[in-house]
Structure formats: structure tokens, C-alpha cells
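> For reference, the sequence and a predicted model appear below.
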Amino acid sequence: MAASARCTSNRTSQTAPKYVSIGRLANDQHIAARFEPNQGRRRRRGTAILLLKARSMSELLKNTTIMVIDDDSDTCELLRTALEQAGASVLVAHNVDGAIETFRRCPPHAVVADIRLGNSDGYALIKAIREHNIEYRGFTPAVAVTGFASPEDKERAIAAGFNAYLAKPFEPAAVISAIAKILSGRMDLAL
């Protein structure tokens, strides 16, 4: 299930890591990510450690299992760390086949998936999840996180069966908030 989340950097740094604000939740709860310095603005690598000021943050997704599907390892590690800090157990898959196999073996409470996934896509994944849900009379909320950011892309994702849509670059706080809202039943409309 959940393992400790840690990204390793290919570069070594002589200076201290810097903390970058990556989100704010309700009640002034801040999330910051720690990145190794001198690694450029576009592609930061290194340890993605989320620091959460509010104690309640660790309870937000307590006793839930969230599956993260993305072919980018850095995105998976960032989401894994954020979700674990929010109290969730996290399953990670890097392609549709692996995600479907894991989903059938251990159905999660919610799914966070990229739309572009190597030789397949998030639409094939959500179709398989919804077919599984019909077969077993269940429902698994799903959040799409994608670089496709047009209104048409959002409509297509929602029509395909995703409950929420977040364009990349996204803030982990927004993903946590979307999952928490869906799971608590407070989300009538997609994000």
C-alpha cells in the first residue's frame, strides 16, 4: 500500500533547500513543497515534502485509499506525498493496464488520473472503472489532472465519467480539496 514518498534528485546541491508555496486550503492551512535549489523553474526535482500547518489536515482523508495514475514519476511522488500528508493511503500506477489490475485487486475510495498515459489514456481508464462500478454496484470518484486545459477538454473529461477536472500545473491542495469534497458529498458540480 502506502510507502514513504521520496523523490531522488540526480543533482547534488551545496545550498539549503527552498520551500515554495504550492497551495492554501480553507482556514489558512498552507501547503509548501521543498525543492532542491538550482534546478530551474520548469522542472524541479528533488524531495517533495509537504508541510501542513494545520493538525486537521492529517485527518482530511484519514482511512481512505486513493489511487494515483500518471506516467510522470515526479507527479506521482508529489501527489503521493500530499495525499499521505492528508491521511490517505496511496496506490500508484504509471499506466492504464497497471491501474486497472490494481483497481480490481484493491478498489480505492477515489482515483486521481492523468488523461495522457503513454500508449493509452485516462478515458480508457475511466471507462474501465465505470464498468467495474456498474458490475459491482459501487461508485469510485475520479479526478482528472491534465495538461489539456481547454473548456472542450474539461467537458470531454466530465462527460467520460470524471467527477472533477484540474488543469496542470495544479496545486496539490486543489486535488486534496476536490477529493475531500467528492467523498463528503459536498460537490454537486465538477470543478
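Cool, the structure landed. Numbers count the residues shown, from 1 in each chain.

> Distance-wise, check Asn63 relative to Leu183.
Asn63 sits 11 Å away from Leu183, taking CB to CB, to the nearest Å as the criterion. (Glycine included, C-beta is placed from N, CA and C.)

> again but with Ala160, I slipped
20 Å.

> quick one: low-confidence parts of the chain?
Low-confidence segments of the chain (pLDDT under 70): 1-58, 186-191.

> all helices of it, in order?
With DSSP state H, the ranges of helices along the chain come out as 73-85, 96-105, 122-135, 151-160, 172-184.

> Mind putting these into TSV with distance to Val112 and mean neighbour count?
Below are these laid out as TSV (distance: least, CB to CB, whole Å; neighbours: other CB atoms under 10 Å):
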stretch	distance to Val112	mean neighbour count
helix 73-85	6	21
helix 96-105	11	17
helix 122-135	10	18
helix 151-160	12	15
helix 172-184	6	21
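
> and of these, who's closest to Ala113?
helix 122-135 (4.7 Å; CB to CB).

> who touches Val68 in this structure?
76, 79-80, 83, 90-93, 112-113 (CB atoms under 8 Å, 6 or more residues apart in numbering).

> Who does it form a beta bridge with?
Val92, Val112 (DSSP bridges).

> State the distance from Val175 to Ile182.
11 Å.

> ok, now which ones touch Thr102?
Thr102 sits in contact with 67, 91, 93, where contact means CB under 8 Å, 6+ apart.

> Got a PyMOL select line for the buried ones in those?
Only the buried members of the contacts of Thr102 end up in this PyMOL selection, burial being decided by 16 or more other CB atoms under 10 Å:
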select buried, resi 67+91+93
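
> quick one: which of the contacts of Thr102 is nearest Cys106?
Leu91 (6.6 Å).

> isn't the closest one right up against Pro108?
Yes. Applying CB atoms under 8 Å as the test, Leu91 and Pro108 come out as touching, 6.0 Å apart.

> what's the overlap in contacts for the two?
Joint contacts of Leu91 and Pro108 (CB under 8 Å, 6+ apart) are 65-67.

> wait, isn't Cys76 in contact with Gly98?
No. Counting by CB under 8 Å, Gly98 is not a contact partner of Cys76; they are 11.6 Å apart.

> The closest residue to His109 other than its chain neighbours: what's it in contact with?
Counting by CB to CB, 6 or more residues apart in numbering, Thr64 is the residue found nearest to His109 once chain neighbours are left out, at 4.3 Å. The contact partners of Thr64, by CB under 8 Å, 6+ apart, come to 87-89, 108-110, 179, 183.

> Give me the buried entries from these.
Counted by 16+ other CB under 10 Å, the contacts of Thr64 give 87-89, 108-110, 179, 183 as buried.
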